[in-house]
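**Q** would you be able to build a 3D model of this:
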Amino acid sequence: TGDVLFIDEIHRLSTPVEEFIYPAMEEFRVDFTVDSGLHAKTINFPLKRFTLIGATTRAGLLSAPLRGRFGMLYHLEFYSAEELTAILERSAELLQLRCDDGTLELIAGRSRGAPRVANRLLKRVRDYAQVKGKGVLSADIVESALKMEQIDPLGLDELDKAFLRALVNVYEGGPAGIDAIAATLGEERDTLEDVVEPYLLQIGFLRRTKRGREITAKACKHLNLKYHKKKPDPTDQPELFKEDKP
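**A** Here you go, the predicted structure:
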């Protein structure tokens, strides 16, 4: 069946690396250049057949040549709470944890649709339970542990809430550019785009428009913040009768 090569965050590959793997993707070979100048020569190194899987949360940053070389493209949804609960049940069994009914559902609901987050929270709750709950995961233990981690019932952490508060308190609800928000928070732009925004967009707490990021009334209600109602911006509406420029 061949081996599998998995590249996470594949959009971060540099152009030279992309060009190096093109022959491997198409013809199962890699090319090496030996020496330089007039004495340079290319050596072809054959590879066994393999399957390349690339994963990214920012497909728009993939170069067209790289994207076009993949035979199949899939868009994956976030995991549901039920699916995450099933994953946590298996993890709890492997960790030999004792869990009261309903406790894993509490963790799943705050896991941002990601198994990695779910398993991380389970281990944090386990550590807390070993000190405060004699190793047993109860609803009270889960609530206390996640409160200590500053994770609210929807799975928002302090960075998520700081992002939303900055939109309201500094930018009056937006729109605000991502670079401006990053400077306000003292965070990297990539951190906000890769870690914070996807979940806020998923749960309807954030809008991305041509002019920047805007907080939603739903987010303001959740965080008890003042909502600055915005007038519709004509530039955000589709122009039905305007011809595209070549």
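**Q** how is this protein partitioned into domains?
**A** 3-68, 81-148, 158-230 (automatic domain parsing).
**Q** for His75, find the nearest of those domains.
**A** If you check each of the domains of the chain against His75 by CB to CB, domain 3-68 wins as the nearest, at 8.0 Å. Every residue, glycine included, has its C-beta placed from N, CA and C.
**Q** distance between that closest one and the chain's centre?
**A** The gap between where domain 3-68 is centred and where its chain is centred comes out at 24 Å by CA atoms, centre = their mean, to the nearest Å.
**Q** just the strands in this protein please.
**A** Listed in chain order, the strands of the chain (DSSP state E) span 3-8, 29-34, 41-46, 50-55, 98-99, 136-137, 206-209, 212-215.
**Q** what helices or strands is the fifth one leaning on?
**A** Using 3 or more CB pairs under 8 Å, 6 or more residues apart in numbering; DSSP states H and E as the contact test, the elements touching strand 98-99 are strand 136-137.
**Q** partners of the strand it packs on in the sheet?
**A** Looking at strand 136-137 with DSSP bridges, its paired strands and their directions are strand 98-99 (parallel).
**Q** how far off centre is the strand it pairs with?
**A** Mean-position distance between strand 98-99 and its chain equals 29 Å (CA atoms, centre = their mean).
**Q** stretch 142-159 now?
**A** Averaging C-alpha positions (CA atoms, centre = their mean) puts stretch 142-159 18 Å from its chain's average.
**Q** how long is that stretch end to end?
**A** Across stretch 142-159, the straight-line distance between its terminal residues is 21 Å, by CA to CA, to the nearest Å.
**Q** which residues does that stretch contact?
**A** The contact list for stretch 142-159, computed with CB atoms under 8 Å, 6 or more residues apart in numbering, reads 103, 106-107, 109-112, 117, 121, 124-125, 127-129, 132, 161, 185, 187, 191, 195-196, 199, 203, 222.
**Q** now, of those, which are buried?
**A** Neighbour counting over the contacts of stretch 142-159 (16 or more other CB atoms under 10 Å) leaves 103, 106-107, 110-112, 117, 121, 124-125, 128-129, 161, 185, 187, 195-196, 199, 203, 222 as the buried ones.
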